[in-house]
Structure formats: structure tokens, C-alpha cells
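Asks: Everything below, folded, please.
(2 chains)
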Amino acid sequence: MGQTLSQKIFARTSGRERVMPGEVVWCSPDLVTTPEVAFPAYVRRLRGLGMDKLARPERVVVAIDHEVPAHSQAGADRNRITREMAAELGVGHLFDSEGITHPLIVERGLVRPGMFVAAADSHTAVIGGAGAIGIPFGFETALMMAAGQIWVRVPETIRVTITGMPSPGVSARDVALATMRQLDEETASYRIVEFHGEGLRHIPFWDRMTLCGLCIDIGAKSAVVPADDTTVAALRSLGVADAEMMTSDADASFAHEISVDLAGLAPQISIPPSPTHVRSVLELGGMEIQHAYLGSCASGTIEDLRASAAMLDGRRVHPGVKMLVIPSTKRVFQQAMREGLLNRFIDAGAAVAAPTCGPCFGGTAQLCPGERRISTSTRNDPGRMGSSEAEIFLASALTVTASAIAGRIADPRSYVRS
Amino acid sequence: MLTPYHGRCWKLPDGVSSDQLIAPPHVFNFEPDYLRQHLLAEVSPDLARSAKPGDIIVAGAHFAHGSVHSHPFIAMKAMGLGLICRSLSRGPYRLTVFMGVPVLTIDDETYCAIRDADELAVDFATGEIRTTDKTFKAEPLPPFLMEIIEAGGGFEYAKQQSARSSSHAGSG
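Replies: Residues are numbered from 1 along each chain as shown, chains lettered A, B, ... in the order given. Predicted coordinates:
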């Protein structure tokens, strides 16, 4: 019997030849990531226990990404303490206001296919787009930084086969939401969602981050697109030489299988109160919005910015809509600047801000009671972006842009130019 | 051995998300005394004020789904609450254990039979749940995870383990 990709990863990181789903093994993650939100609290807790050393500081990534730039005294203090503690502990990689952790570590060439990345933050599954497995652990990450190890129950795997070719206006978010329609939490919990199939050819490298990142919200342990030619070529351009195309064996055992046909897929949208409440955009067409946000670790890629700017070319954001665009990293911001995309957003009436997680969790650009935002971010729980009486709809960069132009939720297929 | 919990049932519906347990603006703070004031502020506003150690949150399916945040469990631990629910996914399951909050998952029949404000006696070690007139049985956590909860959570467990290994080293 062959092995799944995650069996191979957890065998390697636990120093075993082979592991079976359901087994509890002690693993050494290849990378451990923590945002500044939690890092000082973790270090204080560890110091309180007399633990003032990191087991493998060279594998630890700390990113100041949630409150950037600081807009409260507490935030400024926390960012400074994060810098100081990272230096004291010899943290291998401190990223100070460089972008959102998950796309950032891929962009900086720290992620290789087949890696196990353990994270404090929920949406680490994003890095699955690079063929690695990212798993969130919350506060447990603190102990992992000190011990260098974590117990993991080897997960089963769900195989999602992507077929067909999408119509213009349909992108990775729609594929993720179509996957959510078929997988409920009972099916997804404790399992890895693994994407396969010839349809993946139509999902570019950075879009795969969106695809994987959103699967955490089904309740899955993580999600991954095993590395293929697209991955290897993209990683090479990021300075990762000879990335291995590590994948599940043909005769590996999968706990559950589904398929998603891109050919018939229409744009999808998550309605309140949960990302898993998925509808077709057509069902909601015409609902008025006051805010549109393009950003977060589930978007804000150069590809999303290009697609959105192309749609806005010669058009304007509706006067009743505040549109906010935040590139996910500084390098994406600079690339968008060089290509003239930021100018186009601003000309069209949108605002552009420096890379941060901010609006996704209500840290900035909060909503008022009765307002509605369409957003490319990760979650839409009541109160997630300010007032609990505001509503958040989650959709692709194209659907967000089309809706920003229309002033109401709109099907991007009517706005894309071929 | 973990002593049984005796207290009031705080019943919650299905699908209470992590962001509803502790609203996102509070996640920068990790202080137990701060977080306990904000637990379930929108869903069950009396809970933060009135819950007592030994009380039990009895939730429906998908408890704490969404963001994998430690904060609700830090608050529950500080308040001395236990947790019973129909289901919870991997992230919150780990965090309940790591924060030292005892947990049991129950079937639909048990969930429906327990009412809000019922007096409950719950033995997390054996899985026995008693109301004033009925007794139910749930599957207790595996011994490996029960040990972490009995220690008071992952940090305390790690501390005990390291003390144990150094005392062994000393006696050897």
C-alpha cells in the first residue's frame, strides 16, 4: 500500500520509515511561525516556566503583520517588544512589516514542497499552495518553539480531483467554495484536503494559496496542492532550487474522494455567518454593498491585483462603495506599483494601503451596524470586521471588483474582458 | 485523577464560532482575567458575570469552529469551566486539552436531554454525566490527553515531565 503525501511528511519529520493515519507521533516541524499578536505572550509564558531558549531558533519565523503600521500605543509597544524578544532569542527570521506571514514565507523562499510548517495563526494552510503542509496550533506553538517538537495525529487524506477548464471570471476562490459545498466539517475534520487533477493546470501558483488557505475554514487540518511543474517553476523564480515534486503514491489510501468540474463552475460567495455558507453569486445578485476589500492572506497576490486592475480599467468604483486594496506583501506592493496597478486602483476611486492583516479581523477599516462588505478575506463571523450588526460576504477578487463597480453584489463574468 | 465537576449547565446552540466565543478585537490580549470578561459576550451575556467554577458549557455541533484561537480556552480555564459538546474540530479539540479544559463529546440524544440551567455532575475521567434525574455516558478522552488535562494543561504537563526527568537523572 502506498503512502499519502502527509504520511510521507510526518514519517520524515518524526524520524520514522512509515507512519499510518491515526497514529500519534512526535514531529519536529521544518518551520514554526508566529505573528506579533501572540509572540510576546508566548515568550512571557515560556520564561515564566523557566524556558528561555528556543530549541531550533533558525527554524522560527516571527512576523509583525497584524497591526502594521501600529495604530495604538499597545500595538506600538507590542511590535517593539516583538523585535527585542526576537533578537534576544536569536529567532532565525524576523519579518518586520514586510507582509502577511503565510504568503511571505513562500515569497522569501523558506517553504519547500514536502515541508511541515507549524503555525500559531489559523490560516497557515495557505502555504499548501507550494506543496507543503501548514497546520495551526495556537498557543501550543509556544511550547513547540521551546521543545522543537509537537505531537501530531497522522491525518487521513481527502482527495479532491479538479477537472475541466474554468470560464473567464471564475478563479481559485470559486474552486475552494465549490469544494466547501461538498465537504462538511464532519468529513473534513482531522483530515488533509489534497488537490489533484488536470484542472489544476488552470490554477496559477499564487491562486493555489487561496485554494488551500480557505480549506482550514471547513474544519480541515490543512490542505495541499502537491508540487507539480507549476510549483517547481514558481519556486525556482523565488530562489528555491531543485524543489522536489513530492506527492501521494498512486496506490495510497484516501478516506474520501470528491471532484470539482471547473467547466460548469459559476462564481461562488460565502454569506454570513460562516465561510461555509456558500451560494452562487447569481443567487445574491443585486444586494447593495457599501464596502469592498481586496487583500488578506487569501488574496492580495499580484495575480489578483492584476485581474482586479484590468477589470477596473476605464471604470470607476461605485460612488456608494469604499473600496480598499491591500497587497499581501511589500514585494507584491512594489511589483504592483511598477506595473501601474496601484495608480489604476487610485484613479478608479479605491484606496491602497500597506501590507497588513488589518481589515480581515477588524483591526482597521471597521464596519458600522447595517453595513455590508464584500471581501476576499478569510472569515465572515458576526463582528469579525467591527460591528456584529454588519454583514460580510466573501468572494474572489474578480467578484469583489465587479461588485465594487456595480455598488451591489455582481457576477464578474459580465465584467471580465477577454 | 481529575475531580468531577458539579455546576450549572450553560447551553449553547450548534455552530458557535471561535470569533463568537471571544470577539476578534480581544485576541491581542492573552491575560486570563481580561479574556474571561469577554467570553461569549454576544451569545450568552450572563455567562461571564454569573458562571462559577465547576459549571459546564454544553454546546452543539462545530463548537469553536473557524479561527484556531486559544483565547476562549484560556478564559474557560480561568473560570474553572468544563466543556461538553456534540462536536468540535481538530484545532479547538487540541486547544481545550492544551489549556487544561476538560472536554467530552456527546451524542444528539444527550445534548437534547440536557437543558440550560440544569444542575450537572460530570466526571470527565469516566465520561459519566448526571442531571438531577438522568445519567448519560460519553467516551472519555484517551489517557494520554487526560494526563495533560489533569496536570492543568500543556505547559504544566511539560513542567512536570521535565521535573520528573531531572529527578530521575538525579536519583540515577
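Asks: looking at chain A, which residue ends up farthest from its center?
Replies: A:Gly50 (34.4 Å; Cα atoms, centre = their mean).
Asks: quick one: that residue is in a helix?
Replies: No: counting by DSSP: H, G, I helix; E, B strand; the rest coil, A:Gly50 falls outside a helix, being coil.
Asks: For the biggest strand by length in chain B, give me every contacting residue.
Replies: Using DSSP state E, we find that the single longest strand of chain B is strand B:5-11. Residues outside strand B:5-11 that contact it (Cβ atoms under 8 Å, 6 or more residues apart in numbering or on different chains): B:44, B:47, B:51-59, B:81-82, B:102, B:114-124. C-beta: built from backbone N, CA, C; applies to glycine.
Asks: Mind listing residues that contact stretch B:34-44?
Replies: A:382-383, A:388, B:10, B:12, B:16, B:20-23, B:26, B:29, B:47-48, B:71-72, B:74-76, B:78-79.
Asks: Go through the residues you listed and flag which are in helices.
Replies: Judged by DSSP state H, helices contain the following of the contacts of stretch B:34-44: B:20-21, B:47-48, B:71-72, B:74-76, B:78-79.
Asks: out of the residues you listed, who's nearest chain A?
Replies: For these, the closest approach to chain A (Cβ to the nearest Cβ) belongs to B:Gln20, at 6.2 Å.
Asks: can you count the residues close to that closest one?
Replies: 24 (other Cβ atoms under 10 Å in any protein chain shown).
Asks: Would you indicate which residues of whichever helix in chain A runs longest are buried?
Replies: Counting by DSSP H, the longest helix found in chain A is helix A:73-89. Buried residues in helix A:73-89, defined by neighbour count with 16 or more other Cβ atoms under 10 Å in any protein chain shown: A:75, A:78-79, A:81-83, A:85-86, A:89.
Asks: likewise stretch A:298-318?
Replies: Buried, per 16+ other Cβ under 10 Å, within stretch A:298-318: A:298-312, A:315, A:317-318.
Asks: isn't A:Ile133 right next to A:Val117, touching?
Replies: Yes: counting by Cβ atoms under 8 Å, A:Ile133 does reach A:Val117; the two are 7.0 Å apart.
Asks: got any residues that touch both of these two?
Replies: In contact with both A:Ile133 and A:Val117: A:Ile127, using Cβ under 8 Å, 6+ apart.
Asks: burial count for the nearest residue in space to A:Ala38 that is not next to it in sequence?
Replies: In space, A:Ala38 comes closest to A:Ala120 once its chain neighbours are excluded; the distance is 4.9 Å by Cβ to Cβ, 6 or more residues apart in numbering or on different chains. The number of residues packed near A:Ala120 is 28, by other Cβ under 10 Å.
Asks: Quick check, A:Ala120 in contact with A:Leu143.
Replies: No: between A:Ala120 and A:Leu143 there is no contact under Cβ under 8 Å: 11.3 Å.
Asks: what about the helix or strand where B:Cys112 lies, near chain A?
Replies: Assigning secondary structure by DSSP states H and E places B:Cys112 in helix B:108-113. No: against chain A, helix B:108-113 shows no contacts by Cβ under 8 Å from any Cβ of the partner chain, the least distance being 12.7 Å.
Asks: Can you list the buried residues in whichever strand or helix holds A:Val175?
Replies: Per DSSP H and E, A:Val175 falls inside helix A:172-182. Across helix A:172-182, burial judged by 16+ other Cβ under 10 Å covers A:172-180, A:182.
Asks: got it, and stretch B:116-125?
Replies: Those would be B:118, B:120-125, for stretch B:116-125 by 16+ other Cβ under 10 Å.
Asks: Low-confidence regions, the chain specifically.
Replies: Just going to use chain A. Counting by pLDDT under 70, chain A has low-confidence residues at A:418.
Asks: hm, I was asking about chain B
Replies: B:168-172.
Asks: try it again with 80
Replies: B:1, B:162, B:165-172 (pLDDT under 80).
Asks: can you tell me which helix in it is longest?
Replies: Chain B, longest helix under DSSP H: helix B:154-171.
Asks: is that helix up against chain A anywhere?
Replies: Yes: contact of helix B:154-171 with chain A (Cβ under 8 Å from any Cβ) involves B:154-155, B:158-159.
Asks: Nearest to A:Trp26 among those residues?
Replies: Nearest to A:Trp26 out of the residues of helix B:154-171 next to chain A is B:Ala158 (Cβ to Cβ; 12.8 Å).
Asks: Just want the phi and psi numbers for the nearest residue to that closest one once chain neighbours are set aside.
Replies: Leaving aside its sequence neighbours, B:Ala158 sits nearest to A:Leu143 (Cβ to Cβ, 6+ apart; 5.8 Å). Phi and psi for A:Leu143, reported as degrees, to the nearest 10, are phi -70, psi -40.
Asks: hang on, A:Leu143 packs against B:Glu156?
Replies: No: between A:Leu143 and B:Glu156 there is no contact under Cβ under 8 Å: 10.8 Å.
Asks: who's more crowded, those two?
Replies: A:Leu143 (23 against 15).
Asks: Contact partners for the more buried one?
Replies: A:46, A:150, B:98, B:154-155, B:158.
Asks: Out of those residues, which is nearest to A:Leu31?
Replies: Closest to A:Leu31, out of all of the contacts of A:Leu143 and judged by Cβ to Cβ, is A:Ile150, at 12.4 Å.
Asks: hey, what's the closest one bridged with?
Replies: On the basis of DSSP bridges, A:Ile150 is bridged to A:Cys27.
Asks: State the number of residues packed around it.
Replies: Neighbours around A:Ile150, by other Cβ under 10 Å: 22.
Asks: tell me the SS of A:Pro319?
Replies: coil.
Asks: Now do the same contact list for residue 86.
Replies: Unless you meant another one, I'm taking chain A. So A:Ala86 contacts A:39, A:62, A:94 (Cβ under 8 Å, 6+ apart).
Asks: hm, I was asking about chain B
Replies: If you count contacts by Cβ under 8 Å, 6+ apart, then B:Arg86 has B:14, B:59-61, B:63, B:105-108, B:111 around it.
Asks: I'd like to know which elements the helix or strand that contains A:Leu214 is packed against.
Replies: Taking DSSP H and E as the criterion, A:Leu214 maps to helix A:205-215. Applying 3 or more Cβ pairs under 8 Å, 6 or more residues apart in numbering or on different chains; DSSP states H and E, we find helix A:205-215 packed against helix A:101-107, helix A:172-182, strand A:191-196, strand A:222-224, helix A:229-237, helix A:302-312.
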